[in-house]
Every structure is written in C-alpha cells, then in structure tokens.
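Enquirer: Any chance you can model this:
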Amino acid sequence: QVRLRESGGGSVQAGSSLTLSCEASEYNYATRCMGWFRRAPGKEREGVAAIDFDGTIHVADSLKDRFAISRDNAKALYLQMTNLNPEDTAIYFCAADCLDDPLVPEYNFWGQGTQVTVSS
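Expert: Numbers count the residues shown, from 1 in each chain. You can find the predicted model right below:
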C-alpha cells in the first residue's frame, strides 16, 4: 500500500506561481508511474501531468505552456505551475501506479489532495 502526501497548495493571486509536492511512503514499481490531477468545483477530475513507467512526461495540452512536472528521486513528485489564473482553482491530487493512459484518472493509489485557490 503506497501512501501519498501532497503539499504546497494555497491561495494566490492571478499571475503567481506555485509548486506542489507529493511524497510517496515508499519506492516500488507502483511509484514509477505517477501523476497530478485536479478537480475544480462542479467539474470532473482531469489529468494535469504525469510521468510514465518509462520516464515519458505527459502534460495536458491546454496546460503545457504553464505547468511542468518533475521528480528528484523515486518517491518525490513535483508540479510547477506558473501564470496561474482563477480557472486553475481546484483540489490537486497526486496519484501512483497508473492503469491506463497516465492522464486518465485510473490509478491504484491517491493522495488526499491539496487546495489551490487563485483569485483575480
């Protein structure tokens, strides 16, 4: 059982940058594929960015110019967000062990989420 803990959320002004972190409780095969998802109020959970089992990076097309994903070891995952706008307001979730397309929210393990609120 992999436990995931997100951090770094908060309330910021439009145009700001924010970096989210996700720490996994252990390194194993499951944490080789990890991703970030978000759920805005009244909307479905959507894929933001992910790193696949082979290290391939995937970022949602609409976010490629502002969001980036990285990891510095097998257990820590980051999401760098720039030029934030109110439409980015959502709960951001970290996930591990993808079962399908890494940007599809079909993962075995999920964190509790961290709130990001962007005001205009």
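
Enquirer: residue contacts, the residue positioned nearest the centre of the chain?
Expert: Centroid check for the chain by CA atoms, centre = their mean gives residue 36 as the closest residue, at 2.0 Å. For residue 36, the contacting residues are 20, 22, 47-50, 69, 77, 79, 92-95, by CB atoms under 8 Å, 6 or more residues apart in numbering. Bear in mind the C-beta positions are built from the backbone N, C-alpha and C, glycine included.

Enquirer: what about 6 Å?
Expert: 48, 49, 79 (CB atoms under 6 Å, 6 or more residues apart in numbering).

Enquirer: Tell me the secondary structure at it.
Expert: At residue 36, secondary structure determined by DSSP: H, G, I helix; E, B strand; the rest coil is strand.

Enquirer: just the strands in this structure please.
Expert: 4-7, 10-13, 18-24, 34-39, 46-51, 57-59, 67-71, 76-81, 90-98, 107-110, 114-119 (DSSP state E).

Enquirer: Reformat those as a markdown table; add mean pLDDT.
Expert: Shown next, in a markdown table, are the strands of the chain (pLDDT from 0 to 100):
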| stretch | mean pLDDT |
| --- | --- |
| strand 4-7 | 97 |
| strand 10-13 | 98 |
| strand 18-24 | 97 |
| strand 34-39 | 97 |
| strand 46-51 | 98 |
| strand 57-59 | 98 |
| strand 67-71 | 96 |
| strand 76-81 | 96 |
| strand 90-98 | 97 |
| strand 107-110 | 96 |
| strand 114-119 | 98 |
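
Enquirer: Can you give me the distance of residue 89 to residue 9?
Expert: According to CB to CB, to the nearest Å, residue 89 stands 11 Å off from residue 9.

Enquirer: Hmm, I typed the wrong one, I wanted residue 91.
Expert: For residue 91, the distance to residue 9 - CB to CB - is 8 Å.

Enquirer: Mind listing the shared neighbours of these two?
Expert: When contacts are counted by CB under 6 Å, 6+ apart, residue 91 and residue 9 have residue 115 as shared neighbours.

Enquirer: which residues touch residue 94?
Expert: Contact analysis of residue 94 by CB under 6 Å, 6+ apart lists 4, 6, 22, 111.
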